[in-house]
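Enquirer: this is a predicted model, with the sequence first.
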Amino acid sequence: MVMFNHLFGKLLEKKAKYVHLLVVLQFISSLASAFFTYFSFYSGRFHLNLNNNLEFFPGWMALFASFTFLFGPILYILTVVQNERLNRSKTWRLAPISDGTFYIDNILSSFVSLIYFVFLDFIIALGLFFVSIFTYPKFGKNLRFELNLDTDTFLTFICIILLVILTALFIYFLVSFLNFSSQAILSFLPQASSHILISFIRIFIIIILMGLIVKLYRVLINSFVNLFLLKATDLAGLEYVVGMMFVANLIMLCINVFLINHFFEAEEK
Amino acid sequence: MGNPLEITDLVYKKNQKKIITDLNLTLKPGKIVALLGENGAGKTTLMRIISGVAKNYRGTVKVASFAKEADRKAHLSFTDGLTGFANSTKINDIVKFYQILYHDFSLKQFEQLRKFMNLDSDMRLSEMSKGMKEKLVIALTFSRKTDLYLLDEPFSGIDAMARKKIIKSIILWKQEKSTILVSDHFVNEIAAVLDEVVIIKNKTVCMHKSTEAIRADNQSVEEFYESFYQREEDE
């Protein structure tokens, strides 16, 4: 467990660099966008556009918050790529821990880096929110929060959050599965001399594996979801989907741990 | 502690090709052993299997009596190309990584080796030549206090003068009971520090002999290695 924690810390430190870079980029780009929305440059100087309904800081806050939906997926894609690089890295795979545990550590640290990104975004947006309130008292006065939390809405909200988390993890597992299994299959095939041919074969294997997964998914959907729909209401259906997704994640994780422990080698360099 | 390395009936196949067949090898504590063989003989593969980064092999591999891969990795130090670090990484950061991941890493030992290798701890990987990187790798590898050191062609990029200096000093850096398995093409240069020679040919260990026995036959290690191949060709 000590090694798991140490490795987790190092992996998170590496991934946090991307988080910091993207948060800074998001901050700067939202500031630039806000600036060019509220100011225009003509006759050699900047002029404030007064025809906007929002003031500068609230506008910046709104832009920053909306940019999360652009930079979040970018970070997600970067972590997907980085996961697979680290899985293949001899430097990391030499750590005195089993490869399966290393894999779990790697995925977990990516997931935590995503949460860290959301947390930093939230803190910055909150900061801009308070700046907006202090600079424009009218903005604060006009704010009205209405929280209507009945049990059904709350459960649906929790289910949706869980579904988003499980889907993010599922994509991590799916990419690893395709990487590990295609590499493992390749090492069983006769050696090809050309890199292009190897890449072509690998893509072909990935397409076949994707086809198999889709087929398996359809079978599962037909046998399980129909059964659940007979029993459940809309809300219960969402809960079951979350449950199914959880089971699918668990299966994918077990397969990936098996593949990395027994077949997926580190690079030779 | 048992033997630093015990390999029994090792078979490794990749791409429908047998790379290692029925390989058996036992190394005793405190030895410096050369792993010799032609290019593609399977020296690197063998080291990768021992360290657990190569998969899907048959047979038993034990490092300091441990067969589990995680335990094996904890009891050996393998030269690594440092490809897991970004080019902008400083030596200091790499050292921190080693300190956290390997409980047997000695900062004091590393500092001595770093000074010996003339490396600046603020240097980034991108600023280092191939030879400097190899010096760093050697310093990092020997800063761990393990039972087995695996050195895979560690001197190929290092200039002749520094190489001689490093080879002479290897014996001072290792623990008394630790064993070094080194693969290298500069047989004559490492010969002076060697205790044993292991030759890999035809996908297996075909010769494991002490340098004492070789010298008793009035041969140098290099002559023995060359004559071994000559004999094979003649046959």
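Expert: Arrived safely, thanks for sending.
Enquirer: at the contact with chain B, which residues of the stretch 51-200 of chain A appear?
Expert: Within the stretch 51-200 of chain A, the residues that sit near chain B (Cβ under 8 Å from any Cβ of the partner chain) are A:86, A:89-99, A:101, A:184, A:186-191. Every C-beta, even on glycine, is put in place using the N, C-alpha and C of the backbone.
Enquirer: what segments of the stretch 101-250 of chain A are strands?
Expert: Assigned by DSSP state E, counting those that start in this stretch, the stretch 101-250 of chain A shows no strands.
Enquirer: thinking residue A:113 is in contact with residue A:78, fair?
Expert: No: taking Cβ atoms under 8 Å as the definition, residue A:113 is not a contact partner of residue A:78, at 9.4 Å.
Enquirer: more neighbours, these two?
Expert: For residue A:113 versus residue A:78, the count of surrounding residues by other Cβ atoms under 10 Å in any protein chain shown is larger for residue A:113: 23 against 17.
Enquirer: how far away is the more buried one from chain B?
Expert: Distance from residue A:113 to chain B, counting by Cβ to the nearest Cβ, to the nearest Å: 16 Å.
Enquirer: equivalent analysis for residue A:114, please.
Expert: Using Cβ to the nearest Cβ, residue A:114 is found at 20 Å from chain B.
Enquirer: quick one: the helices in chain A?
Expert: All helices of chain A, identified by DSSP state H, fall at A:2-38, A:56-88, A:90-93, A:99-135, A:137-142, A:151-188, A:195-220, A:226-231, A:234-262.
Enquirer: want to throw the ones you listed into TSV with mean pLDDT?
Expert: Output for the helices of chain A, formatted as TSV (pLDDT from 0 to 100):
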stretch	mean pLDDT
helix A:2-38	94
helix A:56-88	94
helix A:90-93	96
helix A:99-135	95
helix A:137-142	76
helix A:151-188	90
helix A:195-220	83
helix A:226-231	56
helix A:234-262	86
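Enquirer: now those as TSV including distance to residue B:14?
Expert: TSV is the format used below for these (distance: least, Cβ to Cβ, whole Å):
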stretch	distance to residue B:14
helix A:2-38	28
helix A:56-88	16
helix A:90-93	16
helix A:99-135	18
helix A:137-142	66
helix A:151-188	5
helix A:195-220	13
helix A:226-231	44
helix A:234-262	14
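Enquirer: and those helices, which is most packed in?
Expert: By mean neighbour count, with neighbours taken as mean count of other Cβ atoms under 10 Å in any protein chain shown, helix A:90-93 ranks first of these at a mean of 22.
Enquirer: so what secondary structure elements neighbour that helix?
Expert: Packing partners of helix A:90-93 (3 or more Cβ pairs under 8 Å, 6 or more residues apart in numbering or on different chains; DSSP states H and E): helix A:99-135.
Enquirer: which strands and helices lie in contact with the helix it packs on?
Expert: Judged by 3+ Cβ pairs under 8 Å, 6+ apart, helix A:99-135 is in contact with helix A:2-38, helix A:56-88, helix A:90-93, helix A:137-142, helix A:151-188, helix A:234-262.
Enquirer: go again with 6 Å.
Expert: Helices and strands touching helix A:99-135, by 3 or more Cβ pairs under 6 Å, 6 or more residues apart in numbering or on different chains; DSSP states H and E, are helix A:2-38, helix A:56-88, helix A:234-262.
Enquirer: just give me how far it sits from the chain centre.
Expert: Relative to the chain's own centre, helix A:99-135 is displaced by 11 Å; criterion: Cα atoms, centre = their mean, to the nearest Å.
Enquirer: in space, what's closest to residue 29 - neighbours in sequence excluded?
Expert: Let's take chain A. Leaving aside its chain neighbours, residue A:29 sits nearest to residue A:67 (6.4 Å; criterion: Cβ to Cβ, 6 or more residues apart in numbering or on different chains).
Enquirer: wait, I meant chain B there
Expert: In space, and not counting its chain neighbours, residue B:29 is closest to residue B:177: 4.5 Å by Cβ to Cβ, 6+ apart.
Enquirer: okay, now that neighbour: neighbour count?
Expert: Count around residue B:177 with other Cβ under 10 Å applied: 13.
Enquirer: any buried residues in stretch B:105-116, and which?
Expert: Residues of stretch B:105-116 classed as buried: B:105-106, B:110, B:112-114, B:116 (neighbour count, 16 or more other Cβ atoms under 10 Å in any protein chain shown).
Enquirer: show me which pair in those is furthest apart.
Expert: B:105 and B:116 (16.9 Å; Cβ to Cβ).
Enquirer: where's the residue positioned nearest the centre of chain B, which helix or strand?
Expert: The centre of chain B sits closest to residue B:151, judged by Cα atoms, centre = their mean, with a distance of 2.0 Å. Assigned by DSSP states H and E, residue B:151 belongs to strand B:148-152.
Enquirer: tell me the strands beside that strand, with direction?
Expert: strand B:76-78 (parallel), strand B:179-183 (parallel) (DSSP bridges).
Enquirer: list the buried residues in the next helix or strand after it.
Expert: Going down the chain from strand B:148-152, the next helix or strand is helix B:160-173, by DSSP H and E. Across helix B:160-173, burial judged by 16+ other Cβ under 10 Å covers B:162-163, B:166-167, B:170, B:173.
Enquirer: export those residues to CSV and tack on distance to chain A and pLDDT?
Expert: Converted to CSV, these look like this (distance: Cβ to the nearest Cβ, whole Å; pLDDT from 0 to 100):
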residue, distance to chain A, pLDDT
B:162, 22, 87
B:163, 21, 88
B:166, 21, 89
B:167, 23, 88
B:170, 21, 86
B:173, 19, 88
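Enquirer: in chain B, what residue comes closest to chain A?
Expert: residue B:84 (2.7 Å; Cβ to the nearest Cβ).
Enquirer: I'd say that residue and residue A:89 touch.
Expert: Yes: here residue B:84 reaches residue A:89: they are 3.9 Å apart, a contact under Cβ atoms under 6 Å.
Enquirer: who are the contact partners of the residue in the stretch 1-150 of chain A positioned nearest to chain B?
Expert: Using Cβ to the nearest Cβ, the single residue of the stretch 1-150 of chain A nearest to chain B is residue A:91, 2.7 Å away. By Cβ atoms under 6 Å, 6 or more residues apart in numbering or on different chains, the contact list for residue A:91 reads B:80, B:84.
Enquirer: leaving out the residues flanking it, which one is nearest to residue A:205?
Expert: Residue A:205 sits nearest to residue A:182 (Cβ to Cβ, 6+ apart), 4.4 Å away.
Enquirer: what of residue A:117?
Expert: Nearest to residue A:117 is residue A:19, by Cβ to Cβ, 6+ apart, at 4.8 Å.
Enquirer: which residues touch that neighbour?
Expert: A:113, A:116-117.
Enquirer: number of residues surrounding the residue of the stretch 101-250 of chain A found nearest chain B?
Expert: Nearest to chain B in the stretch 101-250 of chain A, going by Cβ to the nearest Cβ, is residue A:191, at a distance of 3.8 Å. Residue A:191 has 11 neighbours, counted by other Cβ under 10 Å.
Enquirer: likewise residue B:99?
Expert: For residue B:99, the tally of surrounding residues (other Cβ under 10 Å) stands at 15.
Enquirer: pLDDT score for it?
Expert: According to the per-residue confidence, residue B:99 scores 95 in pLDDT.
Enquirer: would you mind listing the buried residues in the helix or strand encompassing it?
Expert: Secondary structure assignment for residue B:99, by DSSP H and E: helix B:91-101. For helix B:91-101, a neighbour-count test (16+ other Cβ under 10 Å) marks B:91, B:93-95, B:97-98, B:100-101 as buried.
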